[in-house]
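Enquirer: Below: sequence and its predicted model.
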Amino acid sequence: FGGSKNRLGTYVPPCAALLDCEFFATQESRDVANGIAEMAKMAIMKSEELFCLLEEHGPRLANDKFMPNSDVDGAPSRVLRLSIESMLEELAP
């Protein structure tokens, strides 16, 4: 395993995460909602800011599939960034 902490059946985190927000528009609403549920689990464990953002914007983000509702709407990108950072921290060796 090349000195890796992980073993068979576990996950090795990526060195980078690339996300095209347009991808969400191609997904079924249920899949987007399931993703938000995973984000909520991370928020409960690791990030009060993420939790508050999901509490305030979660239903809209699910309905709009993470598309901003104006040029100054930073909620979708902030939620995604915090979610990715929290997950990478959780999975770090």
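Expert: Perfect, thanks for sending it. Just so you know, these numbers come straight off a predicted model, no measurement behind them.
Enquirer: Show me the strands in the protein, by range?
Expert: Assigned by DSSP state E, the chain shows no strands.
Enquirer: From Leu88, how far out is Ser77?
Expert: Distance of Ser77 to Leu88, computed by Cβ to Cβ, to the nearest Å: 16 Å. To be clear about C-beta, it is placed using only N, CA and C from the backbone, and glycine gets the same treatment.
Enquirer: What residues does Ala25 make contact with?
Expert: Listed by Cβ atoms under 8 Å, 6 or more residues apart in numbering, the contact set of Ala25 reads 65, 67.
Enquirer: Identify the residue nearest the spatially most central residue of the chain in space, chain neighbours excluded?
Expert: When Cα atoms, centre = their mean is applied to the chain, the residue found nearest the centroid is Ser83 (3.6 Å). Nearest residue to Ser83, sequence neighbours excluded (Cβ to Cβ, 6 or more residues apart in numbering): Met39, at 4.4 Å.
Enquirer: count of neighbours near that neighbour?
Expert: Residues within reach of Met39, counting by other Cβ atoms under 10 Å, total 24.
Enquirer: surely it meets Val79?
Expert: Yes - applying Cβ atoms under 8 Å, one finds Met39 in contact with Val79, separated by 6.7 Å.
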